[in-house]
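Chemist: based on what follows, work out the 3D shape:
(one chain, ligands or ions: 1)
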Amino acid sequence: MTGPTAPGGDRLAARLRGVGVSLGGRPVLADVDLDVPRGQRLGIVGVNGAGKSTLLRVLAGVLHHGSGTAELAGPDGRLEDLHDVRPRERARRVAYVPQEEVVAAELLVGEMVALGRVPRTRPWARGGRDEREVVLAALDAVGLADRVDSPCDQLSGGERRRAVLARGLAQQCPVVLLDEPTNHLDVAWQLRLLDVLAGQAETLVATIHDLDLALRYFDVLAVVGWSGDGAPGGPATVVAVGPPADVLAAGHVARHFGVGSVQVPHPHLDQPHLLIHPRRDHP
Ligand SMILES: Nc1ncnc2c1ncn2[C@@H]1O[C@H](COP(=O)(O)OP(=O)(O)OP(=O)(O)O)[C@@H](O)[C@H]1O
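Modeler: Numbers count the residues shown, from 1 in each chain. Below is the predicted model of the structure:
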């Protein structure tokens, strides 16, 4: 780990090179290089406001970058410019679930999840048996199959989050981009959902704040932040990419997140954990 590009990336689901983004006239991201390895789980970490959601929106094609190139792999594995891919085709390749979303209260849960099928069905051919099966399977994966006929406004915050994630699963795309998928979820669902997502998406890219979960659930982590001492200043970029245990080494966590940390083995399970504590030089 050190460079901005993941190793061994000849089979890529997506690739960013020299990407810069300005929002509201202010440069937010600059010189972003990132490989999204096909078939892997890539976690994006960084402090509030670093630009993680912005990066995900560029990958999803919902935000136009101002400079650089953003490419997406086609069914034959060839990378092509993200914006040369027609939106309907892009929505068959990439499912994107934003961080917060206002769900139309008047929709039933099943109807909302079925919106994920729109890129895959012909106009006037919606609502068939196949669609219902996919919708029910997606809802089952997030533990909400019994709520398929409930109005969306009768779901709790965490249930609504799981339903929106089910819509992303129902899209059945090879690449799934999730902004803070564990937001609003209780601890059991945080663990279960990441397992479900890891099992269903060929390539998963997710932003996440919980560094302990990030350590355990992803194959590769990318840090969005600032180089040097890590202090915010100017546009952010991808400052590190690599195996989670390397990216979350104590020195990197201190620099990029301003906290102390230690990786310890779980006493009963074969997995590491990240313990976070205040930095001693930052009382
Ligand atoms: N529409 C906008 N107009 C202007 N600035 C924006 C806009 N949206 C986001 N920003 C700014 O862009 C920067 C990156 O925002 P972004 O939401 O990508 O960060 P983030 O890393 O996902 O943060 P968080 O962890 O808080 O979700 C922030 O400084 C934010 O204030």
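
Chemist: CA only for contacts and neighbour counts going forward, please
Modeler: OK.

Chemist: element containing residue 195, please.
Modeler: Using DSSP states H and E, residue 195 falls within helix 187-200.

Chemist: please apply the same query to residue 264.
Modeler: Counting by DSSP H and E, residue 264 is part of strand 259-265.

Chemist: what sits up against the helix holding residue 195?
Modeler: With contact meaning C-alpha atoms under 8 Å, 6 or more residues apart in numbering, helix 187-200 is reached by 41, 141, 142, 169, 182, 204, 217.

Chemist: excluding chain neighbours, what is closest to the second one?
Modeler: What it means is residue 141. Spatial nearest neighbour of residue 141, excluding adjacent residues (C-alpha to C-alpha, 6 or more residues apart in numbering): residue 196 at 6.6 Å.

Chemist: can you give me the neighbour number for the one you found?
Modeler: Neighbour count for residue 196, taken as other C-alpha atoms under 10 Å: 15.

Chemist: state the distance from it to residue 112.
Modeler: For residue 196, the distance to residue 112 equals 20 Å [C-alpha to C-alpha, to the nearest Å].

Chemist: what does residue 200 give?
Modeler: 19 Å.

Chemist: those two: which is more packed in?
Modeler: Between residue 200 and residue 112, counted using other C-alpha under 10 Å, residue 112 has the larger neighbour count: 22 against 17.

Chemist: roughly how far apart are the more buried one and residue 91?
Modeler: Going from residue 112 to residue 91 by C-alpha to C-alpha gives 16 Å.

Chemist: which parts of this protein sit against the ligand?
Modeler: Residues of the chain lying near the ligand by C-alpha under 6 Å from any ligand atom: 23, 24, 28, 47, 48, 49, 50, 51, 52, 53, 54.

Chemist: is it correct that the third one is in contact with residue 51?
Modeler: Right, the one you point to is residue 28. Yes: with contact defined as C-alpha atoms under 8 Å, residue 28 reaches residue 51; the gap is 6.6 Å.

Chemist: can you tell me the residue of the stretch 51-200 of the chain closest to the ligand?
Modeler: Going by C-alpha to the nearest ligand atom, the ligand is nearest to residue 51 of the stretch 51-200 of the chain, at 3.2 Å.

Chemist: where does that residue land on pLDDT?
Modeler: In this prediction, residue 51 carries a pLDDT score of 97.

Chemist: thought it was touching residue 32?
Modeler: No: using C-alpha under 8 Å as the test, residue 51 is too far from residue 32 to be in contact (10.7 Å).

Chemist: list the contacts of residue 218.
Modeler: 40, 41, 42, 43, 244.

Chemist: give me that answer again for 7 Å
Modeler: 41, 42, 43, 244 (C-alpha atoms under 7 Å, 6 or more residues apart in numbering).

Chemist: I'd like to know how many residues surround the last one.
Modeler: Going back to what we said before, that points to residue 244. Using other C-alpha under 10 Å, residue 244 is surrounded by 22 other residues.

Chemist: ok so residue 99 is a strand residue?
Modeler: No: going by DSSP: H, G, I helix; E, B strand; the rest coil, the assignment for residue 99 is coil, not a strand.

Chemist: which one of the residues of the chain next to the ligand has the most neighbours?
Modeler: Within those, neighbour counts (other C-alpha under 10 Å) peak at residue 52, which reaches 27 neighbours.

Chemist: and the nearest residue to residue 13 once chain neighbours are set aside, what is it in contact with?
Modeler: Nearest non-adjacent residue to residue 13, counting by C-alpha to C-alpha, 6+ apart: residue 38, 4.6 Å away. Applying C-alpha under 7 Å, 6+ apart to residue 38 gives the contacts 11, 12, 13, 203.

Chemist: check which residues of stretch 267-283 are buried.
Modeler: Within stretch 267-283, the residues scored as buried using 16 or more other C-alpha atoms under 10 Å are 272, 273, 274, 276.
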